[in-house]
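Chemist: Need a 3D model of the sequence below.
(2 chains)
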Amino acid sequence: MTAAISNLSLHASDWWTIGTAAVCGVACGVPGVYLVLRRMSMLGDAISHAILPGLAAAFLFFGTRDVLAMLAGAMATGMLTAWLSAGVARLGKVPEDAAMGVVFTSLFALGVLLITLGSRNVDLDPGCVLYGLIDAVALDTRDVLGVAVPRSFLILSVFAVLNVSLVGVFYKELKIVSFDSALASALGFRSGVVHYTLLAMIAATCVASFEAVGSILVVAMLIVPGATAYLLTDRLSRMLVIAAVVACVAAFAGHLLALATGAAVAGAVSVALGGLFAGAALFSPRYGVVARALRRAALALRIRREDALANLYRAHEGRAAETRRAPGLLDHVAAWALRRQGLVVAKDGVSALTDAGLARARTLIRSHRLWETYLAERVGLPADHLHDPAHRVEHFITDELRGELAGDVGTDVDPQGREIPPDRRAEGEP
Amino acid sequence: MSDFLRLITLQDPNTRVVLLGVALLGAVCGVVGAFAVLRRRALVGDAVAHASLPGVCAAYFVVGDRNFAAFLLGALVFGLLAVLCITLIRNHTRIKEDAAIGTVLSVFFGLGIGMSRMIQNDPAGSRAGLDGFLFGKAAGMVRQDVLLIAGVATAALLLVVILYKELKLLCFDREFAGSLGRRVVLLDLALMTLICLCTVIGLPAVGAVLVVALLIVPAAAARFWSERLVLILLVAGAFGALSGTVGASVSALYAHVSAGPAVALAAAVVFVVSLLLAPRRGVVADIVRRWALRRKILIENFLRAMYELDELASGGAANPALALKRTWTAAQLERAISLAERRRLVRREGGRVTLTESGTRRASDVVRAHRLWELYLIDQASIAPDHVDRDADQIEHVLPPEVLARLDERLRSEGRMPGAAVPASPHSWERAEAGRALG
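Modeler: Numbers count the residues shown, from 1 in each chain, chains lettered A, B, ... in the order given. Purely as a prediction, here's the structure:
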């Protein structure tokens, strides 16, 4: 398939298709971030379905496909969805997600029915609602400064600019309502107004995107860029930028995919979005599955290394090892790492601590026994309950905490009568 | 019209089979949907249904033919894959359930749309009946299809019966279910598989886009009719069967109407009727109850006012009737009087209104409840005597007789209750009245 892509040469019409998908992505993805943050993603799905009867009604009532009439109809039903869902949930004590499911499937069904009944001689068909006409955007153009620009591109650009500027202007309001709606109310912001404004924006954008890209890409563009950005950053401003970038990249990659495979563009762009999301979910530096697994593995390895050091110290003291567990793969890796770091050497097939290893092990044992002593003296735990908590916590005790514990405990013998190794560094020794 | 007759008299053997199949489908969707709704997993069904489209397409690529069983298998595999993706995203990333569902739904459906275009462009393959899988075409099903659907539906119903107790626990006592550990995961998986099965066998009849309506809507409607799980399940199954049959019939009668929207709208009608008319949880019943309560409160407040006026008059107050005018508007008063008069609680003679015998009894009951509660608040909650009147005002109408008896007994045992059935007001009447006017 890479060969297929490298053989592709992109014509102007391809760039218009990519551009249309990209502006649609920006127009949907930016407000979509707030849906994801406010855990209302499925409301985006619901609205994008439920505007259909609004479109159909506007069409049947006004008899034209005039953009303003369609916008009015769709915004009305889009907000009606949110309002009805909340109403059904409250009146009927139905769970919220089920209420939303009831409302949007019913409205969507009504829309499909209206279209099939009213459009026997007009070109409005339910299939087009799903796929859109993005493959053919370049066929319907308007002249702008001498350049033939596709109509859909123009309309969606207007919405992209409008949505981005609205989010820019009401950035503070949207932020406070999204993150702390109680505080927002206390400060006198009308959360309801902000909420419904956001929904109206989304409904209007859905309508504008509908004809060009179809409902399925609208839903994908509303939710997936925001979700991807949420995996990559914690800052709202960055999240908005990343969502827009993700949408544009997906538009480009999706179109290439469609060219290479002959798939529908709307579908291919959704798949590209899915790919970007999966990439972020796996490889995000902070929240990715891989990064988290690596962090966990690194911690596990450190704990095994430290346990090995502590056991060698106990052997050095002439005591038995405290954990009797069959060594696993991780223990072997830990032993190898200790030798590499020069903390442990193998003498006649038996491991022994080097000086550096001894110093590290002493610190660990000091942490362990200080904690045991502290638990016995201050918490009053019985002697046979001291080892396990100390064994867990010894890896996370900092210098500072060790100092505080030592000051608090005020003895150099642990409850079992073993010496708490003194802090050599405090006495100026290496 | 003759079409209609043929349909409802089930003369056409194929219609008979199809309607039976759709009814069974609706029933099993309703039952499984009830669990999905109760477990707050209603929208997972939407994702599963949308995700089945690429499964159908993939099956077409593999088998290369319109093979119904292969389609269903492909849809099931992709549906389960979607459930797996949602679960993994929810459990292993910071993405919440809603965004996980939305992402999986749109990406899988996009994949399906992309693939279906490839099939369409394939010169060898026709649309392979894939259009029917989007919006449903119940009438286009043949006998074998229906038998397969019926078989799967029966198996799913049996599974629900077998797992009934466990699923009930899963929906109603999450904490306890959680203490069962790994078995909850398996049960959740079983429920998800059931949802998958339902959406998959719903594809040919109702279509991927709206089959979720058959899962959610009858189940949500059934909740209005009962609070017992068995009844909810039965009602949801019946509603599902009804919606399915009606929708499929409409679609069979009008060739250009797809089954999906027709079924979804039939279910929506059932839902709206339930929402409005269900006997206990319905909106109309609720409005009637509130209205009756408001009227009861109006009458009781009026009776208490009459009783207190009599007390004042016998206590030698100057112009007690004036007090009534301070807190009641003329219209309120007129309405209260006529309501009470109709119930023979008061009598109107010339310009004077007096309590009848039953009116006096009822009034003294209300005054007793009011004053018992006031005494209780002063005594037990240490609330100042001039603050108790309004609290008691709100609760006097709904205090059950057992509580009144216990209040009476308690106050009596502490010697706070004089011999009379109706205790004297524990606060000065004018001060409380002034407080009420201010409030």
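Chemist: can we go C-alpha only for contacts and neighbour counts from here?
Modeler: Will do.
Chemist: How is chain A divided into domains?
Modeler: When chain A is parsed with automatic domain parsing, its domains come out as A:12-286, A:293-427.
Chemist: near chain B, anything from the helix of greatest length in chain A?
Modeler: If you go by DSSP state H, chain A has its longest helix at helix A:191-232. Yes. Helix A:191-232 lies within reach of chain B by C-alpha under 8 Å from any C-alpha of the partner chain, at A:216, A:217, A:219, A:220, A:223, A:224, A:227, A:230, A:231.
Chemist: What about whichever residue of the stretch 201-350 of chain B sits closest to chain A, how many residues nearby?
Modeler: As assessed by C-alpha to the nearest C-alpha, chain A sits closest to residue B:261 within the stretch 201-350 of chain B, at 4.1 Å. Residue B:261 is flanked by 31 other residues according to other C-alpha atoms under 10 Å in any protein chain shown.
Chemist: Name the nearest residue to it, sequence neighbours excluded.
Modeler: Leaving aside its sequence neighbours, residue B:261 sits nearest to residue A:109 (C-alpha to C-alpha, 6 or more residues apart in numbering or on different chains; 4.1 Å).
Chemist: Over to residue B:68?
Modeler: That would be residue B:145: by C-alpha to C-alpha, 6+ apart, it lies 6.8 Å from residue B:68.
Chemist: isn't residue A:103 right up against residue A:87?
Modeler: No. Contact criterion C-alpha atoms under 8 Å: residue A:103 and residue A:87 do not qualify, at 10.1 Å.
Chemist: So between these two, which is more surrounded?
Modeler: Remark: of residue A:103 and residue A:87, residue A:103 carries more neighbours, 25 against 16, as counted by other C-alpha under 10 Å.
Chemist: which residues does residue 364 contact?
Modeler: Using chain A. Residues in contact with residue A:364 (C-alpha atoms under 8 Å, 6 or more residues apart in numbering or on different chains) are A:306, A:310, A:394, A:395.
Chemist: my question was about chain B
Modeler: Going by C-alpha under 8 Å, 6+ apart, the list of residues near residue B:364 reads B:304, B:307, B:422.
Chemist: if I've got this straight, it is in a strand?
Modeler: No. Per DSSP: H, G, I helix; E, B strand; the rest coil, residue B:364 lies outside any strand segment and is helix.
Chemist: how near is it to residue A:35?
Modeler: Residue B:364 sits 58 Å away from residue A:35, going by C-alpha to C-alpha, to the nearest Å.
Chemist: just the helices in the stretch 101-250 of chain A please.
Modeler: Here the stretch 101-250 of chain A has its helices, by DSSP state H, counting those that start in this stretch, at A:126-131, A:151-169, A:171-179, A:181-186, A:191-232, A:236-261.
Chemist: Of all those helices, which one comes closest to residue A:421?
Modeler: Smallest distance to residue A:421 across those (C-alpha to C-alpha): 44.8 Å, for helix A:191-232.
Chemist: about what we covered before: which helix or strand lies directly C-terminal to the one helix or strand the residue nearest to residue B:68 maps to?
Modeler: Element membership of residue B:145 [criterion: DSSP states H and E] is helix B:143-162. Next along the chain after helix B:143-162, taking DSSP H and E as the criterion, comes helix B:164-172.
Chemist: Residue of the stretch 151-300 of chain A closest to chain B, please.
Modeler: Per C-alpha to the nearest C-alpha, residue A:267 is where the stretch 151-300 of chain A lies closest to chain B, at 3.8 Å.
Chemist: OK, contacts around that residue?
Modeler: Shown in contact with residue A:267 (C-alpha under 8 Å, 6+ apart): A:131, A:216, A:217, B:107, B:109, B:110, B:111, B:112, B:113, B:114, B:115.
Chemist: any idea which of those is the one closest to residue B:74?
Modeler: Nearest to residue B:74 among the contacts of residue A:267, with distances taken as C-alpha to C-alpha, is residue B:112, at 11.7 Å.
Chemist: May I have whatever helix or strand residue A:368 lives in as PDB, with CA atoms only?
Modeler: Element membership of residue A:368, judged by DSSP H and E, is helix A:355-374. This file holds the C-alpha atoms of helix A:355-374, laid out as PDB (Å, rounded to 0.1, in the frame of the first residue of the first chain):
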ATOM      1  CA  ASP A 355      31.500  -0.700  48.800                       C
ATOM      2  CA  ALA A 356      29.100   1.300  46.700                       C
ATOM      3  CA  GLY A 357      26.600  -1.500  47.000                       C
ATOM      4  CA  LEU A 358      27.100  -1.700  50.800                       C
ATOM      5  CA  ALA A 359      26.400   2.100  51.100                       C
ATOM      6  CA  ARG A 360      23.200   1.800  49.100                       C
ATOM      7  CA  ALA A 361      22.100  -1.300  51.000                       C
ATOM      8  CA  ARG A 362      22.800   0.300  54.300                       C
ATOM      9  CA  THR A 363      20.500   3.300  53.400                       C
ATOM     10  CA  LEU A 364      17.700   0.900  52.400                       C
ATOM     11  CA  ILE A 365      18.000  -1.200  55.600                       C
ATOM     12  CA  ARG A 366      18.200   2.000  57.600                       C
ATOM     13  CA  SER A 367      14.900   3.100  56.000                       C
ATOM     14  CA  HIS A 368      13.300  -0.300  56.600                       C
ATOM     15  CA  ARG A 369      14.300  -0.500  60.300                       C
ATOM     16  CA  LEU A 370      13.500   3.100  61.000                       C
ATOM     17  CA  TRP A 371      10.000   2.600  59.600                       C
ATOM     18  CA  GLU A 372       9.600  -0.600  61.700                       C
ATOM     19  CA  THR A 373      10.700   1.200  64.800                       C
ATOM     20  CA  TYR A 374       8.400   4.100  64.000                       C
END
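Chemist: Show me what counts as buried in that helix.
Modeler: Within helix A:355-374, the residues scored as buried using 16 or more other C-alpha atoms under 10 Å in any protein chain shown are A:357-374.
Chemist: Report the next helix or strand after it in sequence order.
Modeler: With DSSP H and E, the next secondary element past helix A:355-374 is helix A:387-393.
Chemist: picking up where we left off before, and the direction of the helix holding residue B:145 versus that of helix B:164-172, what angle?
Modeler: Interaxial angle of helix B:143-162 relative to helix B:164-172 (axes from the mean of the first three to the mean of the last three C-alpha atoms, to 10 degrees): 80 degrees.
Chemist: pLDDT of helix B:143-162, averaged?
Modeler: Across helix B:143-162, pLDDT averages out at 87.
Chemist: How about stretch B:302-313?
Modeler: Taken as a whole, stretch B:302-313 carries a mean pLDDT of 81.
Chemist: so where's the stretch 101-250 of chain B uncertain?
Modeler: Regions of the stretch 101-250 of chain B meeting the criterion pLDDT under 70 cover residues B:122-132, B:138-140, B:181-182.
Chemist: Tell me the secondary structure at the closest residue to chain A within it.
Modeler: Of all residues in the stretch 101-250 of chain B, residue B:110 sits closest to chain A, at 3.8 Å by C-alpha to the nearest C-alpha. Counting by three-state DSSP, the backbone at residue B:110 sits in helix.
Chemist: Verify the contact between residue A:258 and residue A:268 for me.
Modeler: Yes. Judged on C-alpha under 8 Å, residue A:258 makes contact with residue A:268 at a distance of 5.5 Å.
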